[in-house]
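Novice: Take a look and give me a structure for this.
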Amino acid sequence: MITAKQLTCEYFENPIGIDVRRPRLSWQLESDERDVMQKAFRLQVAEDPRFQKMLLDTGRVFSDCSIHIAVEDLEVFSLKRYYWRVKVWDREGRQTDWSETAYWEMGLLDSEEWRAKWIVSGEQTFAEKPPYFRRIFRTAKPIQEARIYATSRGLYELHLNGERVGDRYFTPGWTNYNKRLQYQTYDVTSLLKTGENIVGAIVGKGWFSGNLGWQGRKNIYGSRSGLLLELHIVYADGEREVIATDQRWQVGTGPILTSEIYHGEAYDARLEREWTTLENDGGKWTPAETADFSRSVLVAQESQPVRKINEIKPVKMMITPKGETVLDIGQNITGWIRFSIDGEKGREVVLRHAEVLDKDGNFYTGNLRSARQTIRYVQKGEKNETFEPHFTFHGFRYVQLIGFPPPVDPSRFTAVVLHSNIQPTGRFECGYPLINQLQHNIVWGQKGNFLDVPTDCPQRDERFGWTGDAQVFVSTASFLTNVAPFFKKWLRDLKSEQLENGGVPHVIPHVMDAHEHSSTAWGDAAVICPWVIYKNYGDRRILEEQYDSMIAWVEYMRHQGDNEYLWNTGTHYGDWLGLDARPDSYKGATDEDLIATAFYAYSTSVLVKAAKALDRQYDAVIYQHLYHQIVEAFQNEFVTRNGRLAVQTQTAHVLALAFNLVHGPAKERMMKRLADLIEDADFHLQTGFVGTPYLNFVLTRIGRADLAFRLLFQESYPSWLYQVKKGATTIWEHWDGIKEDGSFWSEDMNSFNHYAYGSIGDWLYRSVLGIDTDEEKPGFKHIRISPLPVRSMSWAKGELESVHGLIRSQWIYLDHDQVEIQVTIPANTTATIFLPHADEENVTESGKPVAQMAGLHSRRKDRDGMHLEVGSGTYTFRYTYLDEKEKRPLAGAAD
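Specialist: From the prediction side, this is the model:
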């Protein structure tokens, strides 16, 4: 029995308001049998859900592809809904029933189709108070359906007939608003009524004109907030009407006095009546002005919107030694507090937000720098007043309460977690509780920093889309969640901000000084991120879209300095926060020219793979030659005749080995030297942002998984578990953000929610669980399962909801040195399962000899273990596992 399920269009289930002219459709196959593969499919697209008005019928298409099927032979039109379904045949000739019906709905495809005009407030008194826009209108007939298409210069919140529209926050998101501006689509059919209606929006400063950066800049994209909105109504009789922003709209102010992303919000609840009433309120509403802002930059929402994802109740309330009343929610989060209060009209209460307490247990905000993270609320004098902010978010675990009448009831406070609504896809758990807490911290580090853009931190006066952080974490992120739409949007932002010479700004969107761009390992996000998304999601289109950007970055590196094969010029971040740094430096001791040339080689090698994937064979040849020249230059510059690396740091050796820049005896020497450097550091890492993501992968590849696990299990500083033992609930920016004596690292840069070092998760998933994809068949069409059982962990299990379906890997140590490995491979995929240190004579699958297992395509044995080629299904293996401390390299590790 096979079924087609999980139908998506451009990664989303039944999306509305998309502007992709060649939408791509995907589905998954489900079967309880082994070795199931799709042989053919048939797609139908219609105007109606009963498929009586057929627009496209592909007939039987002989293909095993079930993801990203582009609808080539269908012309799509704005505002139109398309219904689709699929039927599948397997290799045995069996066919599924028609799948459930899915749909997608187009938005406005052309900027010329917009009827709305931009409207703005014309009064200078609105400089701090967000403008409230509204329009009163009447409908005289029954309504069939209605949509709102909206965007803003600033952040907007929509209301219709007194109800908040939708569950999205921080719309329209953060882009370079003068180049790309997203609009959102809302189904508001249920909110409209026959008769009098009022539609309105509040527009906050947000990233558009609010404070951005530690230099206190404002108005980076403009100084005048604005709203662009169209309400499309379809009546039951088929007539259509559009209510659009124009000079008939009114503007006023409301209870929000100020609202800034960094600083928080001030709200006077006594002014709420002015917004909710339909009356003119004595002339306080004035006509809005229209403005001639561009509509040519408009694009439909591309990534997942920010939503409320979790709610957490405080775990305790405390009085600090300084007498502060503080709530502890038990988890460092990004979001805000919703609270309710009774009391007198005009009383002001204040909430301040912080990540940690100081070593004496007092409320601590030093690491926020200039960010205030403060909520001020003036009561209107009613019972059970409830408030949560609108256009601000905080990074916090602790909340100081000021002005709340005693006794304070902590049950009236709720922490609301907000981030991009990215579907969780990966899970990891093991028999080592501290590692499970580390996994928890990795997950919450991503949750806290994937708020429309991949930020570095969510609390201080920064919160930027740092390219270096994004590229070191993108692989980890793509296991934990479906980040393909998220990075598609961000990479389009990157491409739009890329310099004419191919340079890449340090942060995307680019809000730093013009000269702050193109550091090695940071700018490489232009190449590494698209490749990782392609590899993990099989998304060829993202490679096609970003290909020119990838080439531009490689060519930028090529044209730096006198030698086109070495990058030995420019200013770089180096091995940022490496522990071998000088006392007065943030940069680790690894030579910046070595790092730059290593990443130059690596990005060029990735570009070669991208060119081959896109059938750009000429480019592949050209850049393959360039890659070899860079490797040769690297060896001449940084490797002695006797094979010694000139830079004696952990990171230097990690990069040389990770990027395959050395071979033969030199490689053998560096493998040994890396192990020596770790042992010399008393089995501690000294790597920073650049070296850490690759460290354990390299150790595993060279046959020193024992060292990789020793680093993972290390509990003393510096280590991942040092933070865990110090009570961390997210990943820290510094290995010693809180020092052993309880004091802090420098206040100028000490985030306690900074996901970069969470890149160790990539190793947990791809090595400990052993779940990986074959680059030749991306998107986990062919899966590689190669787990690393280790007795000190006892067991590990995890799963990945790939674009083809659910992949599982788990292992457990049994009695008498027996290990059990269980693997699930989804239908319509194949896999190579590697059983380390296994011999066919002592391996069983579901109690039978391996040779008799169903779903087996082939098998082979080498000195490292058994390699099994299998089809889909669940497999359970048992065998005697040799001592995991064997140090011999895996086959092929040394040339």
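
Novice: State the mean pLDDT of stretch 314-323.
Specialist: Per-region confidence: stretch 314-323 scores 98 on mean pLDDT.

Novice: What are the contacting residues of that stretch?
Specialist: Contacts to stretch 314-323, defined as Cβ atoms under 8 Å, 6 or more residues apart in numbering, come from residues 325-330, 357, 360-363, 399, 408, 410, 413, 415. Yep, even glycine has a C-beta here, placed from its N, CA and C like the rest.

Novice: what do you get for stretch 769-783?
Specialist: For stretch 769-783, contacts defined as Cβ under 8 Å, 6+ apart pick out 67, 428, 479, 534-539, 609, 613, 765-766, 784-788, 796-798, 800, 802-804, 807, 809-810, 825-826, 829-832, 834.

Novice: So which of the contacts of stretch 314-323 is the closest to Pro172?
Specialist: Ala415 (25.7 Å; Cβ to Cβ).

Novice: among the contacts of stretch 769-783, which are in helices?
Specialist: Taking DSSP state H as the definition of helices, those contribute 479, 534-537, 609, 613.

Novice: Would you format those residues as a markdown table with neighbour count included?
Specialist: Formatted as a markdown table, the ones in helices among the contacts of stretch 769-783 follow (neighbours: other Cβ atoms under 10 Å):
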| residue | neighbour count |
| --- | --- |
| Phe479 | 24 |
| Tyr534 | 24 |
| Lys535 | 22 |
| Asn536 | 25 |
| Tyr537 | 26 |
| Lys609 | 18 |
| Ala613 | 19 |
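
Novice: tell me which of those is nearest to Thr687?
Specialist: Distance ranking of these against Thr687, using Cβ to Cβ, places Phe479 first at 21.1 Å.

Novice: who's in contact with Glu462?
Specialist: Glu462 sits in contact with 213-214, 369, 455-456, where contact means Cβ under 8 Å, 6+ apart.

Novice: Try it again at 7 Å.
Specialist: Contacts for Glu462 were tallied using Cβ atoms under 7 Å, 6 or more residues apart in numbering; they are 213-214, 456.

Novice: Repeat that for Leu434.
Specialist: Contacts of Leu434 (Cβ under 7 Å, 6+ apart): 721, 724.

Novice: Next SSE downstream of the host helix or strand of it?
Specialist: According to DSSP states H and E, Leu434 maps onto helix 433-449. As assigned by DSSP H and E, the chain's next helix or strand after helix 433-449 is strand 450-451.

Novice: What is that following strand packed up against?
Specialist: Other elements packing on strand 450-451 under the criterion 3 or more Cβ pairs under 7 Å, 6 or more residues apart in numbering; DSSP states H and E are strand 413-420.

Novice: Each with direction, which strands does the strand it packs on pair with?
Specialist: Strand 413-420 sits in its sheet next to strand 306-312 (antiparallel), strand 325-341 (antiparallel), going by DSSP bridges.

Novice: For the next helix or strand after the first one, buried residues please.
Specialist: Scanning the chain past strand 306-312 towards its C-terminal end, the next helix or strand to appear is strand 316-319 (assignment: DSSP H and E). Using 16 or more other Cβ atoms under 10 Å as the test for burial, strand 316-319 gives 317-318.

Novice: any idea how far strand 316-319 is from the chain center?
Specialist: 34 Å (Cα atoms, centre = their mean, to the nearest Å).

Novice: just stretch 736-743 next, same as before
Specialist: Distance of stretch 736-743 from the chain centroid (Cα atoms, centre = their mean) equals 29 Å.

Novice: Go through it and flag the buried ones.
Specialist: Those would be 736-738, for stretch 736-743 by 16+ other Cβ under 10 Å.

Novice: mind putting the residues you listed in JSON lines, secondary structure, pLDDT and distance to Gln250 included?
Specialist: Below are the buried residues of stretch 736-743 laid out as JSON lines (DSSP: H, G, I helix; E, B strand; the rest coil; pLDDT from 0 to 100; distance: Cβ to Cβ, whole Å):
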{"residue": "Asp736", "secondary structure": "coil", "pLDDT": "92", "distance to Gln250": "55"}
{"residue": "Gly737", "secondary structure": "coil", "pLDDT": "95", "distance to Gln250": "49"}
{"residue": "Ile738", "secondary structure": "strand", "pLDDT": "95", "distance to Gln250": "52"}
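
Novice: Looking at the residues you listed, which one is closest to Asp48?
Specialist: Nearest to Asp48 among those, with distances taken as Cβ to Cβ, is Gly737, at 58.1 Å.

Novice: what's near enough to touch the closest one?
Specialist: 744-745, 750, 752.

Novice: I'd like the distance between it and Leu434.
Specialist: Noted for Gly737: a distance of 17 Å to Leu434, by Cβ to Cβ, to the nearest Å.

Novice: cool, Leu228 as well?
Specialist: Relative to Leu434, Leu228 is positioned 51 Å away (Cβ to Cβ).

Novice: Tally up the residues packed near Lys87, please.
Specialist: 16 (other Cβ atoms under 10 Å).

Novice: Using the three-state scheme, assign it.
Specialist: strand (DSSP: H, G, I helix; E, B strand; the rest coil).

Novice: for the chain, what helix or strand is lowest in average pLDDT?
Specialist: One helix or strand of the chain scores below all others by mean pLDDT, DSSP states H and E: helix 273-276, with a mean of 58.

Novice: Can you name the element that comes right after that one?
Specialist: strand 286-287.

Novice: Report all helices and strands that the following helix or strand past that next one contacts.
Specialist: Sequence order places strand 289-291 as the next helix or strand after strand 286-287, per DSSP H and E. Identification of packing neighbours for strand 289-291 by 3+ Cβ pairs under 7 Å, 6+ apart yields strand 118-120.

Novice: From Ser802, how far off is Glu10?
Specialist: According to Cβ to Cβ, Glu10 and Ser802 sit 17 Å apart.
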